[in-house]
Each structure stands twice: as structure tokens, then as C-alpha cells.
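Asks: coords please:
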Amino acid sequence: QVQLVESGGGLVQAGGSLRLSCAASGRSFINGAMGWFRQAPGKAREFVAAIRMSSGSADYADAVKGRFTISREFGKNTMYLQMDNLKPEDTAVYYCSADSEYSVNLSWQAPYDYWGPGTTVTVSS
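Replies: Just a heads-up that it's a prediction; the model follows:
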């Protein structure tokens, strides 16, 4: 049984930093990717960042480029999201996701087979 577990969410002031972690168990994702999506109250879930687990190549949403950094531990189903210079508009539930196979576009939600329960990030102004 595949499980994804997020950690690291919390409350932070604008301009602060948080680091999210995601650990997957139950199968290997070395041939695919892991990503972060977020959903703010009243809004649709949106892409934040994703990383290919073998090569380490990454993609970011324009809204977080230059502020967020995604990384992974090679050979382990573990991924991190370092979030710096946080803004109130970053407030959302952040979901970890995993795609077991290669997909061309890392920002599409459909290819991701597995999802975590989410961790809440709240940025106060």
C-alpha cells in the first residue's frame, strides 16, 4: 500500500520561511516524479513545484520561482520544499504527490497517481 506523508506546515509571518517534507512508502518512484500542489480556500488546486526523482530536474510555478526550492534524496522516496520569502497569498493546504512513471509535463495533475493528506501553511501579513 502506497502512502505519502507530509510534514513541516505551520504558521509563519510574511517574509519568513518553512520547509515541507514528503516521504513516500510502498513503491519506488525513481522512474517518475514527485510534486507539490496547493489549494487555497475557495480556489482550485494548483501546481507549485515538481522534481524528477532520477535526474533531479525540476519545474516551478511562476508564482513561486525564485522563492521556493524543491529537492529530493536520490534513491529515497523523499522530497522537500524550501519556501522562503513567504507571502500571505502562499497560504494554502499543500499536497505531496507522486507519479510512478515518466510524464512530459510535471505541472499536470492527472499523471500523479498518489496524493498525501495535505499540510496547512498559513502566512500572516
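Asks: ok, now how distant is the most centrally placed residue in the chain from Ala24?
Replies: With distances taken as CA atoms, centre = their mean, the residue of the chain nearest its centroid is Trp36 (2.0 Å). Separation of Trp36 from Ala24 (CB to CB, to the nearest Å) stands at 13 Å. Every C-beta, even on glycine, is put in place using the N, C-alpha and C of the backbone.
Asks: which residues are common contacts for the two?
Replies: Here Trp36 and Ala24 have Met79, Cys96 as joint contacts, going by CB atoms under 8 Å, 6 or more residues apart in numbering.
Asks: neighbours of Ile70, just the number please.
Replies: Here the number of neighbours of Ile70 (other CB atoms under 10 Å) works out to 23.
Asks: before we move on, what about the one 5 residues further on?
Replies: By other CB under 10 Å, 10 other residues sit near Gly75.
Asks: my read: it touches Ser28, true?
Replies: No. Counting by CB atoms under 8 Å, Gly75 stays clear of Ser28, with 9.1 Å between them.
Asks: and the gap between the closest residue to Pro111 other than its chain neighbours and Gly35?
Replies: Once flanking residues are discounted, Pro111 sits nearest to Ser103: 4.0 Å by CB to CB, 6 or more residues apart in numbering. Relative to Gly35, Ser103 is positioned 10 Å away (CB to CB).
Asks: between those two, who's got more neighbours?
Replies: In this view Ser103 and Gly35 are compared by other CB under 10 Å, and Gly35 has more residues nearby, 29 against 17.
Asks: That one falls within a strand, correct?
Replies: Yes. Inclusion of Gly35 in a strand is indicated when DSSP: H, G, I helix; E, B strand; the rest coil is applied.
Asks: show me what contacts it?
Replies: 47-51, 70, 96-99, 106-107, 112.
Asks: Keep only those of those residues that are in helices.
Replies: Among those, no residue falls in helices (DSSP state H).
Asks: where in this structure is pLDDT low?
Replies: Regions of the chain meeting the criterion pLDDT under 70 are absent.
Asks: burial measure for the closest residue to Gly16 other than its chain neighbours, as a count.
Replies: Take Gly16 and drop its neighbours on the chain: the residue closest to it by CB to CB, 6+ apart is Leu86, 5.5 Å away. Look at Leu86: counted by other CB under 10 Å, it has 22 neighbours.
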